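A.B. asks: A predicted structure for the sequence below; I have some questions about it.
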Amino acid sequence: QVQLVESGGGLVQPGGFLSLSCAVSGGNFSNYGMGWFRQAPGKEREFVGAVSRRANGEWYADSVRGRFTISRDYAKSAMYLQMDRLKPEDTASYYCAAARTGPWYVPRLETEYTFWGQGTMVTVSS
């Protein structure tokens with residue numbers, strides 16, 4: 001069974017930087033497209049960004065494009081989300097997820113993802 005564990009959440013001031021990690025175990029990391037989602041209090045979970053199995057394709061939500069960057073480390077079976085110029089509206093629980101996909105496909109829909117982490121909270125506030 002594939003397990004995903006997020007870490008790195010916390011409190012950060014507007015305009016600040018934060019980096020999240022997602023550690024993957026129990027499966028072959030290179031077999032999965034990986035993504036980040038978030039859910040703000042009282043709102044639906046939404047797509048943040050994703051990367052293909054071979055890390056040759058990425059896609060970001062309009063709200064974060066140019067501020068957030070996804071990367072993956074195959075040696076460590078880990079994915080990262082670097083968040084820059086954070087805004088109060090970025091406050092949410094952030095979830096990483098794994099999808100069984102083709103090597104170049106970037107999964108963007110929740111329904112495409114099979115495995116999910118428990119989430120890590122990010123609060124952007126002064």
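C.D. replies: Done, it's in. Since we're looking at a predicted model, the values are computed, not measured. Numbering: from 1, shown residues only.

A.B. asks: which residue, other than its chain neighbours, is closest to the most centrally placed residue in the chain?
C.D. replies: Centroid check for the chain by Cα atoms, centre = their mean gives W36 as the closest residue, at 2.3 Å. Of all residues not flanking W36 in the chain, V48 sits nearest, at 4.2 Å (Cβ to Cβ, 6 or more residues apart in numbering). (Each C-beta comes from the backbone N, C-alpha and C, glycine too.)

A.B. asks: state the helix or strand in which the one you found lies.
C.D. replies: strand 46-51 (DSSP states H and E).

A.B. asks: in that strand, what's buried?
C.D. replies: 47-51 (16 or more other Cβ atoms under 10 Å).

A.B. asks: I'd like the next helix or strand past it.
C.D. replies: Going down the chain from strand 46-51, the next helix or strand is strand 58-60, by DSSP H and E.

A.B. asks: flag every buried residue along that following strand.
C.D. replies: For strand 58-60, burial by neighbour count (16+ other Cβ under 10 Å) applies to 59-60.

A.B. asks: run the chain-centre distance for it.
C.D. replies: When C-alpha coordinates are averaged (Cα atoms, centre = their mean, to the nearest Å), strand 58-60 and its chain have centres 11 Å apart.

A.B. asks: list the helices and strands it packs on?
C.D. replies: Strand 58-60 sits against strand 46-51, strand 68-73, with contacts defined as 3 or more Cβ pairs under 8 Å, 6 or more residues apart in numbering; DSSP states H and E.

A.B. asks: now do that strand, average pLDDT.
C.D. replies: Strand 58-60 shows a mean pLDDT of 96.

A.B. asks: thank you, goodbye.
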